[in-house]
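J.: What shape does this take:
(chains A and B)
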Amino acid sequence: MKIEIRGEEIILDKERAIFLPNEKLLAISDLHLGKAAHFRKAGLAVPNSISQSDLSRLSVLLHQYQPTTLLINGDMFHSDYNTEIDEFAKWRQEFNDIEFILVKGNHDRQKKEIYENLAIEIYEPNYETNNFCFIHDVAHCKSELYAISGHIHPGISIYNKAKQRLKFPCFYFGEDYSILPAFSAFTGLQLVKPKMPDQVFAITPSKVIKL
Amino acid sequence: MQKTKGYKQIISWLKADKKKPFDFQKETWQHYLDGYSGLVNAPTGFGKTFSVFLAVVIEGLNQPKPVKGLQLIWITPLRSLAKDIARAMREVLLEIGLDWHVGVRNGDTSQAEKLQQKKAMPEILLITPESLHLLLAQKGSTSIFKNLNCIVADEWHELLGSKRGVLVELALSRIKGLQKANGNQILRVWGISATIGNIQEALDVIVPETDAKKIIVKAKLEKKIEIKTILPEKIETLPWAGHLGLKLAHKLIPIIEKSKTTLIFINTRGQSEIWYQHLLDIEPDLAGRIAIHHGSIDFELRNWIEDSLHSGLLKAVIATSSLDLGVDFKPVDTVVQIGSPKGVARFLQRAGRSGHSPNEISKIYFLPTHALEIVEAAAIKEAARENNIESREPFVMVFDTLIQYLVTLAVGDGFDDKIIYQEIIQTNAFKELLPEEWAWAMQFITSGGDSLTAYNEFKKVVKDDDGLWKVKSRQIAMRHRLHIGTIVSDAMLKVKFLSGGYIGMVEEYFVSKIKAGDSFILAGRVLEFVQIKDMTVIVRRSKQKKAMSPSWLGGRLPLSSNLGAVLRKKYNEVLDKKHQDEELDTVYPLFLIQQERSHVPRNDELLIEMINNREGFHLFAYPFEGRLVHEILGALVAYRLSKLVPITFSIAMNDYGFELLSDTEIPMDDAIAYEVFSPVNLAEDITLSINSTEMARRKFRDIACISGLVFQGYPGKYVKNKHLQSSAGLFFNVFNDFDKHNLLLRQSYEEVFYQQLEEPRLAAALHRIQNSNIVITYPKRFTPLSFPIKVDSLRANMSSEELEQRIERMKKEVFK
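T.: Predicted coordinates:
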C-alpha cells in the first residue's frame, strides 16, 4: 500500500513496517526484543520461537526493501539484558552494511556500550528527516515536522449493523502525526478511535487495507 | 459406641438441652468410629454439621488423655460459613469441656492470627480450599498434618462442580500421601452434601480409593417447602426482558413487613445494588433496617450484616450467592428469589435459608423479572415437587489447576515428582492422566515448552540438592502465593473513603471507564469517584441520589437441563388451559401474541422464526437447552449454514434459544432445517465450529490465570510487576502460533467440549429435534420469544467469507 504524506511517498507493509523510498529508510516500532525471555525468567512460559520469528520477519523486510537505514522507533529492547539480545547480536552481523537507528522509547534502558557494540546509533528524543520527525511517544513531540510515532500498539475495530466486529493492528495517519503498529507479535493492541479526516489502515494476515 | 465415655457425654449434654440426636447423626458417629469415610446427605436445618463434627469430638473424648495438635480440617466454600460454624463449634466444646481450639483460616484471617496458628495449630481448623493450598505453599507445612484424623468437605455439592473441587481433591491426595509416608493411615474423609442427582459420584470423587471403607449416610427427613410466585396484575406491566422486575417491587414491601426477617436473593451483584436503592426509594421507612450483602463488599461490613442477621436487627437483607449456603440465621423466616434461579437445586437451597430449624416450613417467594420467567416459576414448582434435582459434574483433566498445584508444592517444602504422580493419578480428576501428559506438565513448570523446544532462560521450578523440585526465586514464590485459587475475576481494586474506611471492591475495568466526579453505587451507598491512589479507589459520599451500578463480570448461570425439560412441557400447557398453575394463566395473553405473530412451540416441535428488519436477517431457534448449550448449538448451525453459502453471522443466545444475525439473506427451508440440526457428523462439525468462534479463547482467560501465565493481581495487594503486563488473549495467540502442543491450549478447547457443551446433552437435544416437527415461521415483528434474545448483548461471530471481503462490505456500510 502506497500513500503520500507531506508530498513524500510512504509504503505501508503488512509486516508492520513502513518504507520511505526517498530516504531508503525502513522504519518499525516497538520491537520489544527480549520480552519473551524476560517473561520466562519470571517463570512465565513463553515460547522462544516468538522472538526468532520477529527477527526473521525483519530479515525478510530488509532483503525485500534493501534500505540503507533501519530505524526502530522506540522500545527496541523490552527490559534487562538477556539471551535474546545475544541472539540479536548474531543476527545483526548479517546486516553490517545497514545503518541501525534507535529513537529511544520508554523501555530502552540498556547501557550505552551495549548499543555501541551492536552498532546502533541512538537518537533522543527524536530523529528528523526532511519531512518527518520520528519519535516514540507523540505526546513528547515538539517538532514542527509531521510526527511518526509508536508506543501505543494501535489497533482498530470495525463493526456493521448485524453486530459483527473485527479487530486488527493498524497504521494510523492523522493530520499532524501518525502511529505505527507494534512490530513484535508478542504485543497487545490499544484501540484507536479515528476522526475525520484521519486515515486508518488495517493490517490483515495477507495485506494492508485502507478503511 | 454406646458404651464409650465420649458418646455418653454427648448424649447427656444433648439431654440437658432437651435434645436427641437424629438417626443419621448417630449412624455417622458409628461409621466414623469404625474407621469409615463417607458422605452425609441431609436437608439443611437438621444438624448436618453435628453429624461429623460430634463424631470427631466423641473420638477425642474417648482418648485416655487429651490429644493435642490438628485433629480436624473443615473445608468450607464460603468465608461467611466458617465464622458461623466456628462459633457453633466453640460453644459445644466449651459446654462439653473439651479443651480444643477452633481456628479459622481464609482470606479474611489477620496476619497475626496466621502467625499464631503457625506456632501452635488449633485442633480444629476451618479453611477454604484456597487457603488449604496456601498452607501447602508454606515452608514446613508438611509436618502439620501428621496427627490429623479427619478432613470434612462441607457443602461438597457446591465445590464438586467447580475447579475448587479439584483443589480439594489434590490437597486430600497430598495429605493422605504425607500420612502414608509417616506410616499413618488414620485419616478419614467425609463430605457433607445437600441432595444432588449424582450423590454416589459425589462420594467417589471425595473418597476415590475403590478399596476404602466408605459409605453414604442419608437422612430420612423431609424439609417442607412452600413456594409462591409474585404475579403482576396484568401481564403488560412486565417488560418482555432486560429489566429487573422492579415494577413488582411494591409487592415485596408487605411481605417484608409481615415477616420477621427476609432474605432477598438476586443473581448478580450489580442488580442487587439497584434493588437495594429501589426498595429504599419506594419505602423510605426501611432505611437502616435493610442491608445489602455480596462478595465485593468489605469484610467488616459483611461481618456486621451477618451479626445483625443473627440478632434479628435487620428486617431484610439483599444478597447474592454470598449467603447461599448453610449459614443458619435463626430469625430468617422468609426468602425471596428475584429472577430465575436457573436450577432446582439452587432454588431449594435458597428456600432452605428460611425456617432453618427442623420441622419448620421453608417459605420462598419467586419474583419474576420478565414475562417468560413466570413460566419458569411454574416449571420450578413442578420440578421441586417431583424432586427433579440436577447433578453436579466434577471437573477432570484440568491442567491449569494441576500446574498451579505443582508450583504450590514447589513453593512449599518441595516435591518428589514420582511420589506426586502416584498421588495424583489416584484422584478422580486425574485418574486418566497419561504419562506423557504428566511429563508435559513437569516440563512446563521446569524447562518450559515441550522436550523439543525447551525455553531459554526459563526459570520457575528447579531441582534442589535434596532431589526435590522447588521454587527458588522469592519473587516467583510471592507472586504464586498471591494468586492461588481457581476463581478468576478481573483485577479488583479496593474502594476506600477519602476520610478512611473500606467499603468494598470493584473491577479495575469498571474504574477505567469512569472519571473524577462520576458517581456509582456500592454496598448500597452512592459514592463519588475522586481518584485512584496506590491501587485503591478513593471516593467520597456523593450528593446524588441515583448513580450507575458497577457491573461485575461473570455470574451468569445457565438453565439446567432438568429445568429446561419441565419448561418445554409448561409451554404446552399454557394454551391448553388444562393446568393448575396460576402462573400460566398470567402469561396467557403473552402466549396469544406469540401464537398470533408466530407459533407457540409444543413439546414435540422446534420453532424457527425468520425475521427481516433494518438490522438484518435474523434466525431464531428455541431448543430450551440453556445458554451454554445454545452457544454451541448456535455456532454449529451457523457453521453448517455457512457451508451452504458464504455468509457471516453474529450469534446471540439466552436460556430459551439462540439468534443468528446476518446482513445477507439466510437460506432456510424444511430440508435445510433438518440438515443443520442433524446429529450426523456432530463431533467433527462441532470441532470446526468451535475453532472458528471465540469460545476456546474465552475459556483460556481463566486457564491462563489459574496456571499462572497471567497475573491477575489481588485486591489491595499491589505487587510490582514491571514489564510483565500481558493478557490471556495474547498468550492464546502466541501458543496457537508458536506452541500448538501446549496442553493448556488443548484444555481450553476441551473445556468447551466437555464442560460447556455437555456433548451427551447436545446429542440428545439434536436427536430430540430430529424426531420433532420443525416449524418455520416468518413473523413481521419480533415475538415475545425472540425479543429477549435480541436484546441480549453476549455475541459471537462465525464466518465463511474471505476476511478482505467482509471488511469491504462492512466498510461500505459504515461510510454510506
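J.: I'd like the distance between residue B:611 and residue B:88.
T.: For residue B:611, the distance to residue B:88 equals 57 Å [Cβ to Cβ, to the nearest Å]. In short, each C-beta sits where N, CA and C put it, glycine included.
J.: Tell me which of these two has more neighbours.
T.: Taking other Cβ atoms under 10 Å in any protein chain shown, residue B:611 and residue B:88 do not tie; residue B:611 has more neighbours (23 against 15).
J.: Do the helix or strand where that one lies and chain A come into contact?
T.: Taking DSSP states H and E as the definition, residue B:611 sits inside strand B:605-613. No: interface with chain A: strand B:605-613 contributes nothing (Cβ under 8 Å from any Cβ of the partner chain), its closest point being 10.3 Å away.
J.: again, but for stretch B:493-508
T.: No: figure legend: stretch B:493-508 not in contact with chain A (Cβ under 8 Å from any Cβ); closest approach 15.4 Å.
J.: just how off-centre is that stretch within its chain?
T.: 25 Å (Cα atoms, centre = their mean, to the nearest Å).
J.: Where is the longest helix in chain A?
T.: For chain A, the helix with the greatest residue count under DSSP state H is helix A:49-65.
J.: number of nearby residues for the spatially closest residue to residue B:21 that is not a sequence neighbour?
T.: Leaving out its chain neighbours, the residue that sits closest to residue B:21 by Cβ to Cβ, 6 or more residues apart in numbering or on different chains is residue B:14, at 6.3 Å. Here the number of neighbours of residue B:14 (other Cβ under 10 Å) works out to 15.
J.: Hmm, residue B:14 is touching residue B:26, no?
T.: No: counting by Cβ atoms under 8 Å, residue B:14 sits too far from residue B:26 to count as a contact (10.9 Å).
J.: Need the nearest residue in space to residue B:658, chain neighbours excluded.
T.: Closest residue to residue B:658 apart from its sequence neighbours, by Cβ to Cβ, 6+ apart: residue B:634 at 3.7 Å.
J.: Please apply the same query to residue B:518.
T.: Excluding its sequence neighbours, the residue lying closest to residue B:518 (Cβ to Cβ, 6+ apart) is residue B:529, at 5.1 Å.
J.: The one you found: what secondary structure?
T.: Three-state assignment for residue B:529 (DSSP: H, G, I helix; E, B strand; the rest coil): strand.
J.: burial count for it?
T.: Residue neighbour count, defined by other Cβ under 10 Å, stands at 21 for residue B:529.
J.: What separation is there between residue A:106 and residue B:636?
T.: Look at residue A:106 and residue B:636: by Cβ to Cβ, they are 46 Å apart.
J.: Apologies, that question was intended for residue B:433.
T.: To residue B:636, residue B:433 is 30 Å away according to Cβ to Cβ.
J.: And for residue A:19?
T.: Distance, residue A:19 to residue B:636, using Cβ to Cβ: 45 Å.
J.: And these two? Which one has more around it.
T.: Set side by side, residue A:19 and residue B:636 show more neighbours around residue B:636, with 24 against 20, by other Cβ under 10 Å.
J.: tell me how far stretch B:650-668 is from the chain's mean position?
T.: In terms of Cα atoms, centre = their mean, the centre of stretch B:650-668 is set 28 Å apart from its chain centre.
J.: what are the C-alpha coordinates of it, in CSV please?
T.: Only the C-alpha atoms of stretch B:650-668 are listed here, as CSV (Å, rounded to 0.1, in the frame of the first residue of the first chain):
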residue,chain,number,x,y,z
SER,B,650,-23.2,-12.9,14.8
ILE,B,651,-24.7,-15.2,17.4
ALA,B,652,-26.6,-14.4,20.5
MET,B,653,-28.3,-16.7,22.9
ASN,B,654,-30.3,-17.0,26.1
ASP,B,655,-31.6,-19.9,28.1
TYR,B,656,-34.5,-20.5,25.7
GLY,B,657,-32.9,-20.2,22.3
PHE,B,658,-30.4,-18.6,20.1
GLU,B,659,-30.3,-16.0,17.3
LEU,B,660,-28.2,-15.9,14.1
LEU,B,661,-28.0,-12.4,12.6
SER,B,662,-26.6,-11.7,9.2
ASP,B,663,-26.5,-8.8,6.8
THR,B,664,-27.2,-11.1,3.9
GLU,B,665,-30.2,-13.4,3.5
ILE,B,666,-30.1,-16.7,5.4
PRO,B,667,-31.0,-19.8,3.4
MET,B,668,-33.8,-21.8,5.2
